[in-house]
Structures are given as structure tokens and as C-alpha cells.
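> Structure for this input, please:
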Amino acid sequence: MAIVNDEKSKVLIPNGDDIKLKSFRSSDGLWLMKKIGKMEEKAYRNVFPKIASMNLEFKTLKLPIPDDYKLAKIIAQDDLGGLVAELEPNILFIKKYEGARFDDRWNESVQVPTFGGRGIPSIFATKIVDILEDFSKISLESFLDYGLSRFDMKVWQLNKLPERMRNLVPDQITSQEIQKFQEILISRLTIRPKEIITNGDFYPRNLIEMENGKIVVFDWESSDMRTSLINTTESHLAFMFIHMWGNRDFQRLLVKDGVQRLGLNLEELQLAILMRCLDQLPLWKASPAGDEIKSLFSLCLDLKNLESFLN
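Okay, here's the model as predicted:
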């Protein structure tokens, strides 16, 4: 164990060497500090070690293995320098992954050319489907007792949907559109496709493309049902779909590959996209990004529009 002083607190790091609070460098590269919440702690403490023990072969997905990170605690210190208590939040030191970030290729501002993923080549959609295919190899039964956030359709319908509607900008969605959505929702309630585990917040800014072609998926903190770690494949793909509102070619290939390679149900994907739009609209409100997501909601109310993506 290594204990690092930082004014009135200490950081306790297993097997650390020559450590500074914000980052440290060791023989195997640079390590960066990140504060993590309870759900993300479960991912690093339980999920990733378990997946690593499964010895799965992933085509594109890169998940942190225990050798890539160190969990730490902030330790309170009394006036005499004694350790008195462990304080939240937990601290994660994780190896810096060398690769391309998507911050300069995806942006929510209409004033930049990368608005809504316009800077991302459409062919990258095939790698997104690769990642979802890799995630589908992970058996969920191994993680159902870990207390991970899991989407609940009944709770969403009874509690979250009314909340989303209350938080919409007035007249953002017409009464006719709401009625049409309700009809679609009711007609699909008895169908629940296959669930998989992802980081929940599955969109370009939470990806790193490494030189070897692998994609690191990070940010595993799930704050509410909107970013549930366990959800249907359709829902995780839909989250990526709506965040790529500025790149229709990417969206087309994403849908086509998702249906053809993952066997996704197009009607379930339609519902997932509509639900994801309603989840995100209150966050963006009256903004160019909100306008784009509203347009996607209107477009996907008609299944024929989504079917045209397959051509």
C-alpha cells in the first residue's frame, strides 16, 4: 500500500509507487485520477474483474482489466496526522489509453462543423455494431446480483414517462404525436428483446479508438434509468442513433447493420428510439440539439421511415 499526503487528506492506493494525487507515472505508463460514483465503483470492483475471468474474445470492444486501474480511497486525517475515516467518493487511478477521442468529431453546438457527429465517418457505425455484438457475448446471469442499474419498462411507463412529459418545452411535441407514441408503446409492452450490459451512456464522447482498432468504452456511472447499464440491445443502439442526429449516413448504416448483423427487431428499435428521444429532450430543451432530436422523434413515429434506412 502507498499513502499519499494531500494537505488535510490522504489517498490510499494499492501497490502504488511514486504517486501524485492527480496522476502518476510508472514503468507501464501514465495513470490518471478520476472520481467515481457508486455504480461506476461496482463496475471496476466487480464487473470488469468478472468479465476478465471469462476469457472472452472481443472483436472491437476494449474493457479495462484489473491491471489497468487501481481503486483508492480518500482517507480523512486528524490534526495530529492520524487516519480517522474513509470518505466518499472513491478515487480511481486508470491507465491513460493512447488513442483518438471523439470530442473533436462530435459536438452539441450547431456553430461547429462536427454538430451531432458530422465529423465521424459513417463507416464507423459498423464498429459500433461490433461493440454491441461483443457486449452481447457477456452473460448477464453473472451480474444480476451485483445491484447494477437495470431498465424497468413498467417503472419507466408509470413514473418516468409522465416526468419526461412535464419537463418538455411547451408544444415541443404535439398532442397527436403523443397519442401516436402511446399507441406504439401499448402495442409493444408484451415484447422484451434480449438485454445486454453496456456503460449506459453509449455515445461517441465516451469512446476512445486505439491504434490497434480496439474501442475503449468508459464512463460507467449510471445516474438514473436513462443510462441503465442493463437494457435491450435495441435501446443501447437507439441511444447512439439519436446522438448522431447530424449524420444521417451513419444512422442509416447503424440501423441496417443492427438489423442484419444483430438480428434487431425493427419495431422494437422504433420504440427504443422514441423512448430515448423523450429521455433526452428534457435535457436539451429549446436548443438546436433539442430541435434535431424532436425531428428524429417525429420521423420515427412512422415505421416506414425507419424501414427506408434498410434500403
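> Can you tell me what sits against stretch 165-184?
When contacts are defined by CB atoms under 8 Å, 6 or more residues apart in numbering, stretch 165-184 is touched by residues 270-271, 274, 278, 281-282, 285-286, 290, 294, 297-298, 301. C-beta: built from backbone N, CA, C; applies to glycine.
> Endpoint to endpoint, that stretch covers what distance?
One end of stretch 165-184 sits 16 Å from the other (CA to CA, to the nearest Å).
> mind giving me the domain split of this structure?
The chain breaks down into these domains under automatic domain parsing: 2-95, 99-310.
> TSV please, covering those and showing mean pLDDT and mean neighbour count.
Below are these laid out as TSV (pLDDT from 0 to 100; neighbours: other CB atoms under 10 Å):
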stretch	mean pLDDT	mean neighbour count
domain 2-95	75	15
domain 99-310	93	18
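> where's Ser53 relative to Arg118, distance?
Here the criterion is CB to CB, to the nearest Å. By it, Ser53 lies 40 Å from Arg118.
> Helices along the stretch 101-250 of the chain, start to end?
125-135, 153-155, 161-166, 175-188, 233-243, 248-262 (DSSP state H, counting those that start in this stretch).
> Quick check: the residue lying closest to Pro64 once chain neighbours are set aside vs Asp130, distance?
In space, and not counting its chain neighbours, Pro64 is closest to Phe48: 5.3 Å by CB to CB, 6 or more residues apart in numbering. For Phe48, the distance to Asp130 equals 19 Å [CB to CB].
> With Thr174 instead?
With distances taken as CB to CB, Thr174 is found 38 Å from Asp130.
> Remind me what the helix or strand Gln270 falls within packs against, helices and strands.
Assigned by DSSP states H and E, Gln270 belongs to helix 266-284. When contacts are defined as 3 or more CB pairs under 8 Å, 6 or more residues apart in numbering; DSSP states H and E, helix 266-284 packs onto helix 161-166, helix 175-188, helix 233-243, helix 248-262, helix 288-300, helix 303-307.
> and Phe143, which of these is closest to it?
Phe143 sits nearest to helix 233-243 of all the helices and strands packed on helix 266-284, at 15.3 Å, using CB to CB.
> doesn't the residue nearest to Pro64 fall inside a strand?
No: counting by DSSP: H, G, I helix; E, B strand; the rest coil, Phe48 is not found in a strand; it is helix.
> How about Gln280: what's its closest non-neighbour residue?
Nearest non-adjacent residue to Gln280 (CB to CB, 6+ apart): Ile293, at 5.5 Å.
> so who does Asn305 touch?
Contacts of Asn305 by CB under 8 Å, 6+ apart are Leu299.
> From Ile51, how far out is it?
Asn305 is 37 Å from Ile51, by CB to CB.
> same deal with Trp284?
Distance of Trp284 to Ile51, computed by CB to CB: 33 Å.
> cool, and Phe241?
Phe241 is 25 Å from Ile51, where distance means CB to CB.
> and if you look at Ile120?
From Ile120 to Ile51 the distance is 27 Å (CB to CB).
> try Gln179
43 Å.
> same thing with Ser109?
Plainly put, Ser109 is 36 Å away from Ile51 if you go by CB to CB.
> Ok, Thr227 next?
Distance, Thr227 to Ile51, using CB to CB: 19 Å.
> same deal with Asp28?
According to CB to CB, Asp28 stands 21 Å off from Ile51.
> Check Asp152 too.
Counting by CB to CB, the gap from Asp152 to Ile51 is 24 Å.
> before we move on, back to that, okay, the helices and strands packed on helix 266-284 in CSV with distance to Glu211 next?
Shown next, in CSV, are those (distance: least, CB to CB, whole Å):
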stretch, distance to Glu211
helix 161-166, 40
helix 175-188, 42
helix 233-243, 23
helix 248-262, 22
helix 288-300, 31
helix 303-307, 35
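> And the ones you listed: which comes nearest Met210?
helix 233-243 (18.9 Å).
> now the angle from that closest one to helix 288-300?
Between helix 233-243 and helix 288-300, the angle comes out at 130 degrees (axes from the mean of the first three to the mean of the last three CA atoms, to 10 degrees).
> Could you check how far helix 233-243 is from the centre of its chain?
Here helix 233-243 is found 10 Å from its chain centre; the criterion is CA atoms, centre = their mean, to the nearest Å.
> between that helix and helix 266-284, how big is the angle?
Angle of helix 233-243 versus helix 266-284, following the same axes, to 10 degrees, is 50 degrees.
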